[in-house]
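>>> sequence plus predicted model, see below.
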Amino acid sequence: MNVLVINAGSSSLKYQLINMDDESVVAKGLCERIGIEGSKLTHKVPGKEDYVVEEAMPSHKEAMALVLKALVDPEHGVVANINDIDAVGHRVLHGGSTYTQSIVVDDDVKKVIRECFDLGPLHNPANLMGIEACEANMPGTPNVAVFDTSFGMGMEPYAYRYAIPEEYYTKYHLRRYGFHGTSHTFVSRETIKFGQLPEGHQRVIVCHLGNGSSISASVAGKAVETSMGLTPLEGLVMGTRSGDVDPAVVQYICDHEGKSVDEVLTILNKKSGVLALSGNLSSDFRDLRDAEIKGDEKAKLALDSFRHHVIKTIGGYIAVMNGVDAITFTAGIGENDGDMREKIMSHFAYLGIKLDPEKNAVRGKNIEISTPDSTVRVFVIPTNEELAIARDTVRLVEEAKA
Ligand code: ADP
């Protein structure tokens, strides 16, 4: 079965065509500057040169039409016919409190995605446009919505409820949802599978550390905790996001700088995090590490603060699960920065966690990086959200046929 995975952003559309017989990526690409002058499609097929199309894309509908044209192109294409694409899986940011799992798209699903525009103002409208563009260009092909919030929907009320008046929950569904859900689901499941964790010993902490970072705790794949909240702003110090701050900080900046709440939230999302702590040096952890090595005090503060919040969160999650069987690192920093992993894990030496330095230096594949006598097993597992979306798509389309 060929599954097309779509991740539509406000002005971009990423895609991968995956052959689910062997889970191989047949083609992938990116449409940029949708709705803006200078739109461009870059289409990549393994073993071939990139195919670039510079053509107007006033909306996601035209972008989708160009993607399909590239996929069936006699020279650069990978399928003979659009009908060779059996289903489409869409990453959707917010499913509100309605959807706890992925679902085949129908009018009700589209209605819920639309109702969640307020909760995911940048992503949900784009996600819906992506779905509608597929419906328009590929009538009859099933679309599946995979929500980034599904994983967090598994939490218990004492973990997901904010301790604020109940009416805000009942009227507006204000609660902690958590994001990176597709990654946390995929990586926690892969940890159990790859590590062959036996039943009853499947307490897993996943550290998804990238430009956006979040940590989750789960037992046998069911979420216990996750660090992001109503929006991805809550939790860890991130590339440009502040993570947790006292809400009074927002009021103080508004009062003293004459800014609106919206403006301050933009600052907390885009101009904060390690970028701000490093004195606007960079939000990229490689730049910060290089600067720290050269003695830059602000870069050191930014990295120390990032690690501090990661360590605090892991420690808290070990406590709420009464222990932990495996800790897994994933995403840009989690997968590539062995020094960061070592510095974080060394804080848990008192628990008997020990890393093998040689294994900790390996990159690009699933690997157990702890020593055989470590009390907790530690893994690096590259995340693969597209594959997770494609797997859910196959499962749901097959269930719908049965
Ligand atoms: P996102 O998907 O949230 O945009 P990624 O998961 O791709 O982010 O992670 C991007 C971050 O990973 C970059 O900001 C970069 O700092 C970090 N990163 C990538 N490679 C390395 C590396 N070798 N060492 C340290 N950090 C790295």
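Happy to help now that I have it.
>>> check contacts around Val53.
Counting by CB atoms under 8 Å, 6 or more residues apart in numbering, Val53 touches Lys40, Leu41, His43, Leu66, Ala70. The way it works is simple: take the backbone N, C-alpha and C, and place the C-beta from them, glycine included.
>>> please redo it, this time with the cut-off set to 6 Å
Leu41, Leu66 (CB atoms under 6 Å, 6 or more residues apart in numbering).
>>> swap in the one 10 residues further on?
Counting by CB under 6 Å, 6+ apart, Ala63 touches Leu13, Cys31, Ile34, Met57.
>>> out of those residues, which are inside strands?
Among the contacts of Ala63, the members falling in strands (DSSP state E) are Leu13, Cys31.
>>> out of the contacts of Ala63, who's nearest Pro382?
Nearest to Pro382 among the contacts of Ala63 is Leu13, at 23.1 Å by CB to CB.
>>> for that closest one, name its beta-bridge partners.
When bridges are taken as DSSP bridges, the partners of Leu13 come out as Ala8, Cys31.
>>> might one say that it is in contact with Glu32?
No: with contact defined as CB atoms under 6 Å, Leu13 does not count as touching Glu32 (8.6 Å).
>>> neighbour-wise, which of these two wins?
Leu13 (24 against 17; other CB atoms under 10 Å).
>>> what residues does the stretch 101-250 of the chain put near the ligand?
Residues of the stretch 101-250 of the chain found near the ligand (CB under 6 Å from any ligand atom) are Gly210, Asn211, Gly212, Gly239.
>>> burial measure for the second one, as a count.
Using other CB under 10 Å, Asn211 has 16 neighbouring residues.
>>> for it, which non-adjacent residue is spatially closest?
Among residues not flanking Asn211 along the chain, Gly239 sits closest, at 3.9 Å (CB to CB, 6 or more residues apart in numbering).
>>> burial count for that neighbour?
Per other CB under 10 Å, the neighbour tally for Gly239 reads 21.
>>> okay, and the beta partners of Val144?
Legend: beta-bridge partners of Val144 under DSSP bridges are Gly89, Val104.
>>> and it, what is it in contact with?
Val144 sits in contact with Gly89, Ser102, Val104, Thr393, Leu396, where contact means CB under 6 Å, 6+ apart.
>>> hmm, try it at 10 Å
The neighbourhood of Val144, defined by CB atoms under 10 Å, 6 or more residues apart in numbering, consists of 3, 5, 87-90, 92, 102-105, 109, 131, 389-390, 392-397, 400.
>>> go on, Arg189?
If you count contacts by CB under 10 Å, 6+ apart, then Arg189 has Gln202, Val204, Ser218, Ala220, Gly221, Ile381, Ala388, Arg391 around it.
>>> from Lys14, how far out is the last one?
This means Arg391. Applying CB to CB, to the nearest Å, the value for Arg391 to Lys14 is 18 Å.
>>> with neighbour numbers in mind, choose between those two.
The neighbour comparison of Arg391 against Lys14 (other CB under 10 Å) goes to Arg391, with 21 against 18.
>>> same question for the strand or helix carrying that one, mean pLDDT?
Element membership for Arg391, per DSSP states H and E: helix 385-401. Confidence over helix 385-401 (mean pLDDT, whole number) is 95.
>>> buried ones in stretch 22-30?
Of all the residues in stretch 22-30, those buried under the rule 16 or more other CB atoms under 10 Å are Val25, Val26, Ala27, Lys28, Gly29, Leu30.
>>> so which residues of this structure form strands?
2-8, 13-19, 24-32, 40-44, 51-53, 87-92, 103-104, 143-147, 203-209, 213-219, 222-226, 326-330, 367-368, 377-380.
>>> touching, Leu236 and Gly229? I think so.
No: Leu236 is beyond contact range of Gly229, at 11.5 Å (criterion: CB atoms under 10 Å).
>>> identify the contacts common to the two.
Common contact partners of Leu236 and Gly229 (CB under 10 Å, 6+ apart): Ser214, Asp244.
>>> between these two, which one's more packed in?
Leu236 (25 against 20).
>>> quick one: contacts for the more buried one?
So Leu236 contacts 207-209, 212-215, 227-228, 242-244, 273, 305-306, 308-310, 312-313 (CB under 10 Å, 6+ apart).
>>> of those, buried ones?
Counted by 16+ other CB under 10 Å, the contacts of Leu236 give 207-209, 212-215, 227-228, 242-243, 273, 305-306, 309-310, 313 as buried.
>>> export stretch 322-331 as PDB, just CAs?
Extracted in PDB, the C-alpha atoms of stretch 322-331 (Å, rounded to 0.1, in the frame of the first residue of the first chain):
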ATOM      1  CA  ASN A 322       7.300   5.200  41.000                       C
ATOM      2  CA  GLY A 323      10.500   4.500  39.000                       C
ATOM      3  CA  VAL A 324      11.400   4.100  35.400                       C
ATOM      4  CA  ASP A 325      12.400   1.200  33.100                       C
ATOM      5  CA  ALA A 326      13.800   3.100  30.100                       C
ATOM      6  CA  ILE A 327      14.700   6.600  29.200                       C
ATOM      7  CA  THR A 328      14.900   7.400  25.400                       C
ATOM      8  CA  PHE A 329      16.400  10.400  23.700                       C
ATOM      9  CA  THR A 330      15.100  11.600  20.300                       C
ATOM     10  CA  ALA A 331      14.800  14.600  17.800                       C
END
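>>> that one and the ligand in contact?
Yes: against the ligand, stretch 322-331 shows contacts by CB under 6 Å from any ligand atom at Ala331.
>>> show me which residues of that stretch are buried.
Residues Val324, Asp325, Ala326, Ile327, Thr328, Phe329, Thr330, Ala331 are the ones in stretch 322-331 that count as buried (16+ other CB under 10 Å).
>>> got it, and stretch 139-158?
For stretch 139-158, using 16+ other CB under 10 Å, the buried residues are 141-155.
>>> kindly provide the distance from the residue nearest the centre of the chain to His208.
Nearest residue to the geometric centre of the chain (CA atoms, centre = their mean): His180, 3.1 Å. Distance of His180 to His208, given as CB to CB: 5 Å.
>>> now do the shared contacts for those two.
Val187, Ser214, Ile215, Ser216, Thr226, Ser227, Met228, Thr330, Ala331, Thr383.
>>> and which of the residues you listed is nearest the ligand?
Using CB to the nearest ligand atom, Ala331 comes nearest to the ligand of these, at 3.6 Å.
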